[in-house]
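**Student:** Coordinates for the following, if possible.
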Amino acid sequence: MEKYRDGQRELHCVFVDLEKAYDRVPREELWYCMRKSGVAEKYVRVVKDMYERSRTVVRCAVGQTEEFNVEVGLHQGSALSPFLFAIVMDQLSEEVRQESPWTMMFADDIVICSESREQVEENLERWRFALERRGMKVSRSKTEYMCVNEREGSGTVRLQGEEVKKVQELSTWGQQPRVMESVGKRSGFYPATLR
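**Tutor:** Below is the predicted model of the structure:
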């Protein structure tokens, strides 16, 4: 870790943002992940009962829509939703983390780090594949790539052929000091670009 702190080695980080994360969780995936995490079946049934026949309306300036069924996603505003989302992400990360050990998660954001641009790009692709297989999606407009201690010409990271936005400072992540503190503690450095 001293090699990163002293600027002797590059550290490539991709800050992944999930697109409408809570809205995209498939219900069957939720039940599966709850069971796989060891949640007692009676609690799985209680949560299923909460989600069965979920209905909502949309209010706007000119009135509101007719009621309609909500068949995917977690309940908005529910105190239980962050916990349920964490269960889904924990199960998903078990599969992916085996091959990309420098991965950190905070709420619906993921940080993937590696010593090489190629490896971080490969790990990003693994995460994309695992997420999409479960009905979730990487927000390409909010996902950012940053190289700490960058040597000249270290290149860019691509996701399915599309270039990930390269930044010197993190725009949205910088507003989350706990994430940055976690990156600093786990990697052994806390450079000015992460403050």
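
**Student:** For the closest residue in space to Trp102 that isn't next to it in sequence, give me its contacts.
**Tutor:** Leaving aside its sequence neighbours, Trp102 sits nearest to Cys113 (Cβ to Cβ, 6 or more residues apart in numbering; 4.0 Å). C-beta here means a position set from N, CA and C on the backbone, and glycine is covered the same way. By Cβ atoms under 8 Å, 6 or more residues apart in numbering, Cys113 lies in contact with Leu11, His12, Cys13, Val14, Trp102, Thr103, Met104, Val120, Val183, Ser187.

**Student:** Does the fourth one touch Arg126 like I think?
**Tutor:** No. Using Cβ atoms under 8 Å, Val14 is not in contact with Arg126, being 11.5 Å away.

**Student:** between these two, which one's more packed in?
**Tutor:** Neighbour count, other Cβ atoms under 10 Å: between Val14 and Arg126, Val14 has more, with 24 against 17.

**Student:** show me where the chain has strands.
**Tutor:** For the chain, applying DSSP state E gives strands covering 11-17, 55-56, 59-60, 63-64, 68-69, 103-106, 109-114, 144-148, 158-159, 162-163, 165-166.

**Student:** Arrange these in a markdown table, one row each, with distance to Gln91 and mean pLDDT as further columns.
**Tutor:** Shown next, in a markdown table, are those (distance: least, Cβ to Cβ, whole Å; pLDDT from 0 to 100):
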| stretch | distance to Gln91 | mean pLDDT |
| --- | --- | --- |
| strand 11-17 | 17 | 88 |
| strand 55-56 | 27 | 79 |
| strand 59-60 | 35 | 88 |
| strand 63-64 | 36 | 90 |
| strand 68-69 | 26 | 80 |
| strand 103-106 | 12 | 82 |
| strand 109-114 | 14 | 88 |
| strand 144-148 | 26 | 85 |
| strand 158-159 | 23 | 84 |
| strand 162-163 | 27 | 82 |
| strand 165-166 | 29 | 83 |
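
**Student:** Those strands: which one's closest to Val39?
**Tutor:** Closest to Val39 of the strands of the chain is strand 103-106 (Cβ to Cβ; 19.2 Å).

**Student:** The closest one pairs with which strands?
**Tutor:** strand 109-114 (antiparallel) (DSSP bridges).

**Student:** Can I get the partner strand in CSV, CA atoms only?
**Tutor:** Presented in CSV, the C-alpha positions along strand 109-114 are these (Å, rounded to 0.1, in the frame of the first residue of the first chain):
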residue,chain,number,x,y,z
ASP,A,109,-22.8,2.7,-5.6
ILE,A,110,-19.9,0.4,-6.3
VAL,A,111,-16.2,1.2,-6.3
ILE,A,112,-14.0,-1.2,-8.3
CYS,A,113,-10.2,-0.7,-8.0
SER,A,114,-7.2,-2.4,-9.6
